[in-house]
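Engineer: what follows is a protein structure lacking sequence information:
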């Protein structure tokens with residue numbers, strides 16, 4: 001995680017003195033990426049909500065909502081399967 005933050009800061013910062021201004025957007029970028037392992041965004045896994053983007057806030061759009069039952073169910077079944085596979089490899 002720290003390496004990812006450092007790499008993104010290095011790539012996106014124009015003025016080194018203002019890195020703290022860019023940090024919130026960089027963190028949002030990281031939290032909004034769909035990971036290969038879970039196929040969900042970190043934000044969704046932590047909050048159970050779909051992520052709201054700055055333009056959604058600016059336009060006062062309500063485009064976010066809870067993950068639906070099917071999404072949560074699929075996520076949990078995938079996790080269960082992955083855990084079962086890992087347990088089998090440890091035997």
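Structural biologist: Happy to help now that I have it. Only a predicted model underlies this, so the values are computations on that prediction, with no experimental measurement involved.
Engineer: domains in this structure, as residue ranges please.
Structural biologist: Per the record's domain assignment (automatic domain parsing), the chain is made up of the domains 1-31, 39-91.
Engineer: in a markdown table: these, plus mean neighbour count.
Structural biologist: The C-beta positions use only the backbone N, C-alpha and C, and glycine is treated the same way. Listed next are these as a markdown table, based on neighbours: other C-beta atoms under 10 Å:
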| stretch | mean neighbour count |
| --- | --- |
| domain 1-31 | 12 |
| domain 39-91 | 12 |
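Engineer: check the offset of the lowest-mean-pLDDT helix or strand in the chain from the chain's centre.
Structural biologist: Ranked by mean pLDDT, DSSP states H and E, the weakest helix or strand in the chain is helix 54-58, scoring a mean of 73. Between the centre of helix 54-58 and the centre of its chain there are 18 Å (C-alpha atoms, centre = their mean, to the nearest Å).
Engineer: which helices and strands does that helix pack with?
Structural biologist: Judged by 3 or more C-beta pairs under 8 Å, 6 or more residues apart in numbering; DSSP states H and E, helix 54-58 is in contact with no other helix or strand.
Engineer: check which element follows it along the chain.
Structural biologist: helix 69-90 (DSSP states H and E).
Engineer: any idea how far residue 22 is from residue 2?
Structural biologist: Distance, residue 22 to residue 2, by C-beta to C-beta, to the nearest Å: 16 Å.
Engineer: ditto for residue 73
Structural biologist: In terms of C-beta to C-beta, residue 73 sits 33 Å off from residue 2.
Engineer: cool, residue 72 as well?
Structural biologist: Separation of residue 72 from residue 2 (C-beta to C-beta) stands at 30 Å.
Engineer: which phi and psi does residue 34 have?
Structural biologist: phi -80, psi 120 (degrees, to the nearest 10).
Engineer: isn't it up against residue 45?
Structural biologist: No: assessed by C-beta atoms under 8 Å, residue 34 is found out of contact with residue 45, at 10.7 Å.
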